[in-house]
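Q: Below are the sequence and a predicted model; questions follow.
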Amino acid sequence: MRSSLLIEIRDLAHAYPDGTEALRGISLHIRAEESVAVVGANGAGKSTLLLHLNGSLISRHGTVRIGDFQVAKAALPDIRRTVGMVFQDPDDQLFMPTVAEDVAFGPLNLKLPLAEVERRVASALERVGAAHLRDRPPYKLSGGEKRLAAIATVLAMEPAILVMDEPSSSLDPRARRTLIELLAGFGHTKIIATHDLDLVLDLCPRTIVLRQGQVAADGPTDEIFADGRLLAACHLEQPLRLQACPVCGEKSGRLPQKGERL
Amino acid sequence: MSTIESAFIDLQRLDRLAACDSAVHRLDPRVKVLITLAFLVCVVSFDKYAIAGLLPFALFLTLVIGLSGIPSGFVLNRVLLAAPLALLIGLFNPVYDHQPLMRFGTLVIAGGWLSLLSLVLRFCLTVGAVLALIATTGFNAVCRALEQLGMPTVLAVQLLLLYRYLFVLVEEGLRLNRARVLRSFQGRGLGIRACSFLLGSLLLRTLDRSQRIHLAMRCRGFDGTIHTRNPLRLNGRDVLTLTIVLAALLAMRVFDGPMLLGRFVTGLMA
Amino acid sequence: MHMADALLSPAVGGTFWAATVGAIAWCAKKVQQELNDRKVPLMGVLGAFVFAAQMINFTIPGTGSSGHIGGGMLLAILLGPQAAFLTIASVLVVQALFFADGGLLALGCNIFNLGFFPCFLAYPLLYKPLAGNGQNHRRIAAGAILAAVVGLQLGAVAVVAETVLSGISALPLQTFLWAMLPIHLAIGLVEGAVTATVVLFVRQARPEILDCAIGGQPPTARPIAKLLAGLAAAAVFTGGVLSWFASTFPDGLEWSIEQVRGKKELAAPAEGIHGMLAGFQEKIALLPDYAFTIGEQKAIGETVAHRAGPPAWPAVDAGTSVAGLVGGSLTLLLTLGLALLFRKRRAIA
């Protein structure tokens, strides 16, 4: 992993063909191995921003740099090897007949030797604790298992940066907890778009708030979550753990200290 | 709708059966595909009045189903479900075909009845054979076998993707339909127009999904071809089984076993 | 309607398999050349969509019964003919394997009936010219309806032709046609109306999708003419080879054709049966102990024929009938016994 890797977004704007302006001038720096949450209302531009990070969308206005590469058509193979993307609906990501074949899909496209492909499949599945799901077809997995398999398909590409869109959506509480513990153990640079602010509290020391395609706030998670007015203006709500307990009035939430693993 | 829904449940059941283990399950999928094809060709190549000649094939199929441990009731049930069409067409045979073909004492049986019976029999055999193939092999393995037997890769990939998203989209279709049926009363809202809009929105969602899948593929280096690993390998047991079974099928087709047996028995009695 | 294995003779099944394999190979090559990798997932999910769409039933006006769409014309409009043909083929493969619709041998016929006509005749010759550049809603609707109707009618005619040529069903050509065509006219009208409404709905909601979904260039006349010529050659060749095989079996392609023409309706099958009996006699002659000798058989056959009148009657043979019945019953008993044995073993295990 290249530790000097830096994500640099400068003045990025994007409008969809139907005229919707999803991003209007976003500038950001994300350091290597940082864990950043991107939050905001529906339609604030979170998903569009993520799609720019691996060149799924390339805008004519503004630039995105991943380490030494500027995101552009010529650099796409390198960018996609560096930036792994976990989609919101794992059904879109698991398209092969079995989990193992799906995990092997990326490495095979990289034209790696078969032994190396095999090693990557085994280690990626091991990493997410899904080795037993190897030969199962994706439609027979539970929601949580699907999510883990989807993450394994991305890990097999051995990216330095993990980009995730709503990783905890439609998971049951236990699967969600498993996912949070798993992600906390990863050393990758993580960029997580989510509505699950409790998850942000557990995983991301830094939060970026988007509103109508612009950065409304960018700073330490605890400061941002303490600003009730900002959150309300962006259609967000304080995580339950930071709200006073309706029974005893105590707050139980705390933020992970730098370098601490959950 | 209920029939498609139940067929869909059967689909999942077939998938579970294919995951079992038996001597038949362990055969190379290509061997099973070839045997099934040979079986089908033998069965349909019989004369339209053939009945006795088809019975050894029923014996063979029973043997295969028994060895593989698939519940025979399940296969019978599926065959019966699909039978009405063949019966419908076959019922015209006695109407149009009056040639006497068999005689027992004074009883003369018309060709139409024989060919109806023959048609039903071959229907059961052909449907049963395909069911046995899929229940012991599984769809993905059949696809892989067909690909290695020369099916174009584009079609193989198409089949794999279709099967994968069948489960996702059928559930979406069922949800949409349930939501519609719950809000329609006395047949209102079930017409062609309402249905078309429902189909239209399902189609839009499907198109969106295909774009997302394409994106997910591109993110992992997809360039138009899907590479697969683990090509199938034939072992000695597979080749031996294939040879023996093909020879047996051919023998069953060429020699009319029941007729020889019958002549032998009646000969003993005479 | 799907063709079923049970209604098919090997000659007819093989001929259509050859034609279908040729068409699939050609389409696969075309789709691969197109290099539109977006189509790979698109074809996959649209194939699955057809199944999902069949979950959604509608009531057919005036009849009280309900139906669902087949989807062939819709796929052709969304994907273009080659990709649509492959998608229809994949849908039919899944139906044949899981839903017992058709069968493996009949698959060639079914792909041809339900894929070839809508994709390579109705779509390029009717829908394309009528719908034009897709700006006029009425023209789209008219094109979709007309193309769906014609595609289904041709498919129905093909089903009838395949059934009659196979000669397993005794249904006469005309009766069968009269039964099939009006039903498929109604089905085609409904299918066309639904297809048109869906296309217009998509056009209105997301105009860019239709253009981007089609992607590839419109089909030109030349490759299709080449394809047709190739298919015809393949069909004639296999038909010839298989009918040579078939004529060594009792159910020949020739007598089916004769039956369609209406000539020698009785004599021809008699020849078939006679041929089969002659085959038995040869085999039996190898085993001289048997009670029924060849001479005896012939005598019985002749007496029956005399009593009944028409000279072209088949040789009805009591000896063969009884032996066949006894042997058949024994085989059947053996089969049932085996089935019970396996059942018992399973119950114990």
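A: On my side now, so go ahead. Residues are numbered from 1 along each chain as shown, chains lettered A, B, ... in the order given.

Q: Tell me the residues on the stretch 51-200 of chain B that lie near chain A, please.
A: With Cβ under 8 Å from any Cβ of the partner chain as the criterion, the stretch 51-200 of chain B comes near chain A at residues B:140, B:160, B:161, B:163, B:164, B:165, B:167, B:168. For the C-beta atoms, the positions are set from N, CA and C on the backbone; glycine is no exception.

Q: again, 6 Å this time
A: B:140, B:160, B:164, B:167, B:168 (Cβ under 6 Å from any Cβ of the partner chain).

Q: Residue A:210 sits in which helix or strand?
A: Using DSSP states H and E, residue A:210 maps to strand A:206-211.

Q: all helices of the stretch 101-250 of chain A, in order?
A: Using DSSP state H, counting those that start in this stretch, the helices found in the stretch 101-250 of chain A span residues A:114-127, A:143-155, A:173-184, A:197-203, A:221-226, A:228-233.

Q: Quick test: name the residue nearest the centre of chain A.
A: In chain A, the residue lying closest to the centroid (Cα atoms, centre = their mean) is residue A:164, at 2.0 Å.

Q: pretty sure that residue contacts residue A:191?
A: No. Assessed by Cβ atoms under 6 Å, residue A:164 is found out of contact with residue A:191, at 7.2 Å.

Q: In JSON lines: the helices of the stretch 101-250 of chain A, plus distance to residue C:167, mean neighbour count and mean pLDDT.
A: Putting those into JSON lines (distance: least, Cβ to Cβ, whole Å; neighbours: other Cβ atoms under 10 Å in any protein chain shown; pLDDT from 0 to 100) gives the following:
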{"stretch": "helix A:114-127", "distance to residue C:167": "52", "mean neighbour count": "17", "mean pLDDT": "93"}
{"stretch": "helix A:143-155", "distance to residue C:167": "52", "mean neighbour count": "24", "mean pLDDT": "93"}
{"stretch": "helix A:173-184", "distance to residue C:167": "60", "mean neighbour count": "16", "mean pLDDT": "92"}
{"stretch": "helix A:197-203", "distance to residue C:167": "69", "mean neighbour count": "22", "mean pLDDT": "92"}
{"stretch": "helix A:221-226", "distance to residue C:167": "78", "mean neighbour count": "18", "mean pLDDT": "91"}
{"stretch": "helix A:228-233", "distance to residue C:167": "78", "mean neighbour count": "14", "mean pLDDT": "90"}
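
Q: Quick check: phi and psi on residue A:72?
A: Phi and psi for residue A:72, reported as degrees, to the nearest 10, are phi -160, psi 170.

Q: excluding its backbone neighbours, what's nearest it?
A: residue A:58 (6.5 Å; Cβ to Cβ, 6 or more residues apart in numbering or on different chains).

Q: before we move on, what about residue C:338?
A: residue B:62 (5.1 Å).

Q: And residue B:95, by the same measure?
A: residue B:112 (6.8 Å).

Q: okay, the one you found: pLDDT?
A: What the model reports for residue B:112 is a pLDDT of 80.

Q: how about stretch B:161-176, does it get close to chain C?
A: Yes. Using Cβ under 6 Å from any Cβ, stretch B:161-176 reaches chain C at B:161, B:162, B:165, B:166, B:169, B:170, B:173, B:174.

Q: if you average pLDDT over the host helix or strand of the fifth one, what comes out?
A: Read that as residue B:169. Using DSSP H and E, residue B:169 sits in helix B:153-182. Taken as a whole, helix B:153-182 carries a mean pLDDT of 86.

Q: remind me which residues of chain C are low pLDDT?
A: Chain C contains residues with pLDDT under 70 at C:1, C:35, C:60-67, C:208-321, C:324, C:346-349.

Q: quick one, longest helix in it?
A: helix C:173-205 (DSSP state H).

Q: Just the buried residues of it, please?
A: C:173, C:176-177, C:180-181, C:184, C:186-203 (16 or more other Cβ atoms under 10 Å in any protein chain shown).

Q: Intersect those with the contacts of chain A.
A: Restricting these to contacts with chain A (Cβ under 6 Å from any Cβ) yields no residues.

Q: and the stretch 151-270 of chain B, which residues reach chain C?
A: B:152, B:154-155, B:158-159, B:161-162, B:165-166, B:169-170, B:173-174, B:177, B:187, B:190-192, B:195-200, B:206-207, B:209-210, B:213-214, B:224, B:258-259, B:261-263, B:265-267, B:270.

Q: Other residues contacting stretch A:63-83?
A: With Cβ atoms under 6 Å, 6 or more residues apart in numbering or on different chains as the test, stretch A:63-83 has contacts from A:5, A:7-10, A:52-55, A:159-161, A:163, B:219.

Q: Return that stretch as PDB; C-alpha atoms alone will do.
A: This file holds the C-alpha atoms of stretch A:63-83, laid out as PDB (Å, rounded to 0.1, in the frame of the first residue of the first chain):
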ATOM      1  CA  THR A  63     -10.300  17.500 -11.300                       C
ATOM      2  CA  VAL A  64      -9.900  14.400  -9.100                       C
ATOM      3  CA  ARG A  65      -6.400  13.100  -8.300                       C
ATOM      4  CA  ILE A  66      -5.800   9.700  -6.700                       C
ATOM      5  CA  GLY A  67      -2.100   9.700  -5.700                       C
ATOM      6  CA  ASP A  68       0.000  10.200  -8.800                       C
ATOM      7  CA  PHE A  69      -2.900   9.800 -11.200                       C
ATOM      8  CA  GLN A  70      -5.400  12.200 -12.400                       C
ATOM      9  CA  VAL A  71      -8.800  10.500 -12.900                       C
ATOM     10  CA  ALA A  72      -9.200  10.400 -16.700                       C
ATOM     11  CA  LYS A  73      -9.900   7.700 -19.300                       C
ATOM     12  CA  ALA A  74      -6.300   6.800 -19.900                       C
ATOM     13  CA  ALA A  75      -5.600   6.100 -16.200                       C
ATOM     14  CA  LEU A  76      -8.800   4.100 -15.500                       C
ATOM     15  CA  PRO A  77      -7.100   0.700 -15.100                       C
ATOM     16  CA  ASP A  78      -4.700   2.000 -12.500                       C
ATOM     17  CA  ILE A  79      -7.400   4.100 -10.700                       C
ATOM     18  CA  ARG A  80      -9.800   1.100 -10.500                       C
ATOM     19  CA  ARG A  81      -7.000  -1.100  -9.100                       C
ATOM     20  CA  THR A  82      -6.400   1.500  -6.500                       C
ATOM     21  CA  VAL A  83      -9.900   2.500  -5.600                       C
END
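
Q: Show me what residue of chain A gets nearest to chain C.
A: residue A:17 (6.2 Å; Cβ to the nearest Cβ).

Q: element containing that residue?
A: Using DSSP H and E, no helix or strand contains residue A:17.

Q: count of neighbours near it?
A: 7 (other Cβ atoms under 10 Å in any protein chain shown).

Q: measure it to residue C:38 for me?
A: 15 Å (Cβ to Cβ, to the nearest Å).

Q: Quick one: the strands in the stretch 101-250 of chain B, in order.
A: B:107-110 (DSSP state E, counting those that start in this stretch).

Q: for it, what are the low-confidence residue spans?
A: In the stretch 101-250 of chain B (pLDDT under 70), the answer is B:186-190, B:228-231.

Q: Tell me where it has helices.
A: B:111-137, B:139-148, B:153-182, B:192-219, B:236-254.

Q: Skipping adjacent residues, who's closest to residue B:36 in space?
A: Nearest to residue B:36 is residue B:133, by Cβ to Cβ, 6+ apart, at 4.5 Å.

Q: I'd like the helices of the stretch 101-250 of chain A as JSON lines, with distance to residue C:130 appended.
A: Output for these, formatted as JSON lines (distance: least, Cβ to Cβ, whole Å):
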{"stretch": "helix A:114-127", "distance to residue C:130": "50"}
{"stretch": "helix A:143-155", "distance to residue C:130": "45"}
{"stretch": "helix A:173-184", "distance to residue C:130": "53"}
{"stretch": "helix A:197-203", "distance to residue C:130": "54"}
{"stretch": "helix A:221-226", "distance to residue C:130": "59"}
{"stretch": "helix A:228-233", "distance to residue C:130": "54"}
